[in-house]
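> this one's sequence-less:
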């Protein structure tokens with residue numbers, strides 16, 4: 001992947017939101033804003049918030065990567081410039097985490113929870129270097145508070161996940177933590 005020179009933001013989120021819905025539009029604006037700041041966008045490559053973020057980034061002239069899985073029998077959305085096809089769900093999650101210089105976790109279900117848990121646990125156990133992780137505050141705040149309380153009890157790092165519902169604040173957080 002030598003053609004990618006910019007920092008990669010891996011975005012996790014739901015495949016269910018449709019154009020016009022708040023979650024879709026938030027992901028679209030996020031992708032656009034990240035693209036305007038020169039980030040490469042990486043996500044699961046399919047629909048919902050994945051499509052929205054890729055569309056926004058693509059319209060801003062940014063490079064987009066979709067990490068898909070054959071098991072779902074779907075094609076990558078039309079805004080993905082490079083598709084990486086994985087054999088199974090765990091290979092896909094590993095690749096999404098491996099590619100990211102940072103991560104954003106949007107609203108989502110069990111798949112998004114699995115992705116957040118995986119990247120958080122790998123950072124928590126120092127299996128991967130700690131990279132910026134931002135999550136939608138309105139949706140994830142209770143879970144993050146609960147896990148941070150446990151981290152205090154276990155004498156581990158808390159505050160690994162940055163919470164915000166503000167697009168500008170999320171982008172500023174990534175830029176300052178990635179030193180760009």
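Thanks, I have the structure now. Since this is a predicted model, take the numbers as computed values, not measurements.
> for the chain, what's the longest helix?
helix 137-153 (DSSP state H).
> And that helix, what does it pack against?
Applying 3 or more CB pairs under 8 Å, 6 or more residues apart in numbering; DSSP states H and E, we find helix 137-153 packed against helix 110-124, strand 161-164. Where C-beta positions appear, they are placed from N, C-alpha and C, glycine not excepted.
> tell me the most buried of these?
strand 161-164 (a mean of 19; mean count of other CB atoms under 10 Å).
> which residues are in contact with that strand?
105, 116, 120, 132-137, 140-141, 144, 147, 170, 173 (CB atoms under 8 Å, 6 or more residues apart in numbering).
> buried set for whichever helix or strand comes after that strand?
Once strand 161-164 ends, the next helix or strand along the chain (criterion: DSSP states H and E) is helix 167-178. Of all the residues in helix 167-178, those buried under the rule 16 or more other CB atoms under 10 Å are 170-171, 173-175, 177.
> ok, back up a step: now the buried members of the contacts of strand 161-164.
By 16+ other CB under 10 Å, these give 105, 116, 120, 132-137, 140, 144, 147, 170, 173 as buried.
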